[in-house]
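Student: Let me see the structure of the following:
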Amino acid sequence: MISNIRLLLLMTGCLWLIVACSEPEPPPQPRELPEGSVQSLFHHLDRYAEWDLIRDDLLPFQTFHTQGMTKWNGYYFLSSVEIRERTETIDGISRFDRTPGEGEGHLFKFDENGELVQSITLSEGRMYHPGGIDYGGGYIWVPVAEYRPNSRSVVYRVDPETMEAEEVFRFSDHIGAVIFDAGQQMLHGYNWGSRRVYSWELEDNLMLSDPVQRRAPEFKINSQFYIDYQDCQYLGNDLAICSGLSSYKGIPIGGIELINLNTLQPEYQIPVEEFTRGENPRVMTQNPFFVQSLEDKLAFHFIPEDDESRHYIYEVSSFRPISCRF
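Tutor: The predicted model follows:
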């Protein structure tokens, strides 16, 4: 009799576990998003997402210190800074915390096999540091700044076919990453450390004619602090995606965030725990980044290493472990 009762209790407990243990629901999307789009698929990722490395090709050209990445018509574009004289810390009270250093900015164009197709330099005096780049409106948008905070920048648009660069405007802050907002015909730019985001309204010819916009455009404070954005990409539906990193007591932390361009605040975020191999591993979100959708997966592209760089491509899909509610 007692054995039968124990058997009944065991069977009841197993049945309860089957009912209570189930796959959690994906986080809710705040709005309707196109099925299979980057923004929709990104909402289904979390810290348990499966990151499958499918390629890590060595680029056959010197890349210097890589910064931003985008893609157009089957070609990749990579911004980079060649450092010839490193900056040095300035002691005492000053607008700047370091010397300007010396260098030259580059924009590389390479194909699916990594072969360099063309490159141009983008530098002017102390402004030689290209940042995170974006494609939109038929152009590659590239900010080039002094290699120090609270400095100045010039923003270029580059024809992706001819690689001809045209100055759009100059600005009295270091702009480290830009987003071309096709929905609102605006350009958004994050300053050093991505603590402020500026917004410039563009004319129909995608130039900036309003002098007030050059001096004092609208800006908002970035409300998140765990990473600094390095590279961003416009997605549509008033959304952009930004990747970045920070360091906590010498430990690098990487992450990717979905940005609402109406509020200029993060809407959804995931950590990135993938690193390069070797003696000095780098988190994948150290600078260049690009993402595209592949049916029910996302393909993330990274080029975090300097000089001799590998182009890493991950296929990332949602994985949700069984969770039990006790």
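Student: shaky segments in the stretch 151-300 of the chain?
Tutor: In the predicted model of the stretch 151-300 of the chain, residues 211-213, 215-216 satisfy pLDDT under 70.
Student: how far away is the residue nearest the centre of the chain from Val283?
Tutor: The chain has Ser243 as the residue nearest its centroid, 3.0 Å off, counting by C-alpha atoms, centre = their mean. Ser243 sits at a distance of 10 Å from Val283 (criterion: C-beta to C-beta, to the nearest Å). From N, CA and C alone the C-beta is placed, and that goes for glycine too.
Student: Which residues are in contact with each of the two?
Tutor: Gly254, Val272 (C-beta atoms under 8 Å, 6 or more residues apart in numbering).
Student: Now for the residue nearest to the centre of the chain: which residues touch it?
Tutor: Tyr229, Gln230, Asp231, Cys232, Gly254, Gly255, Ile256, Glu257, Val272, Thr285, Phe289.
Student: count of neighbours near the last one?
Tutor: One way to gauge burial is a neighbour count; for Phe289, by other C-beta atoms under 10 Å, it gives 29.
Student: What of Leu116?
Tutor: Neighbour tally, Leu116, other C-beta under 10 Å: 15.
Student: what about the nearest residue to Val283 once chain neighbours are set aside, which helix or strand?
Tutor: Take Val283 and drop its neighbours on the chain: the residue closest to it by C-beta to C-beta, 6 or more residues apart in numbering is Gly254, 3.8 Å away. Assigning secondary structure by DSSP states H and E places Gly254 in strand 251-260.
Student: So which bits of that strand are buried?
Tutor: Under the neighbour-count criterion of 16 or more other C-beta atoms under 10 Å, strand 251-260 has Ile253, Gly254, Gly255, Ile256, Glu257, Leu258, Ile259, Asn260 buried.
Student: returning to what we had before: and the contacts of Ser243, which is closest to Trp51?
Tutor: Val272 (8.1 Å; C-beta to C-beta).
Student: pretty sure that closest one is in contact with Gln286, am I right?
Tutor: No - at 10.0 Å, Val272 does not count as touching Gln286 under the criterion of C-beta atoms under 8 Å.
Student: Find residues that contact each of these two.
Tutor: Gly254.
Student: ok, the residue nearest to Val283 to Phe108 distance?
Tutor: From Gly254 to Phe108 the distance is 23 Å (C-beta to C-beta).
Student: repeat for Ile270
Tutor: 28 Å.
Student: Lys297 too?
Tutor: Counting by C-beta to C-beta - Lys297 and Phe108 are separated by 27 Å.
Student: Repeat that for Ser172.
Tutor: 28 Å.
Student: and if you look at Leu187?
Tutor: Counting by C-beta to C-beta - Leu187 and Phe108 are separated by 22 Å.
Student: ok, the closest residue to Pro266 other than its chain neighbours - contacts?
Tutor: Nearest residue to Pro266, sequence neighbours excluded (C-beta to C-beta, 6+ apart): Glu257, at 4.5 Å. Under the criterion of C-beta under 8 Å, 6+ apart, the neighbours of Glu257 are Gln224, Ile227, Tyr229, Ile241, Cys242, Ser243, Gly244, Pro266, Glu267, Tyr268, Gln269.
Student: between those residues, which is closest to Tyr76?
Tutor: Looking across the contacts of Glu257 and measuring by C-beta to C-beta, the closest to Tyr76 is Ser243, at 15.6 Å.
Student: tell me the phi and psi of that closest one?
Tutor: Here is the backbone geometry of Ser243 (degrees, to the nearest 10): phi -120, psi 160.
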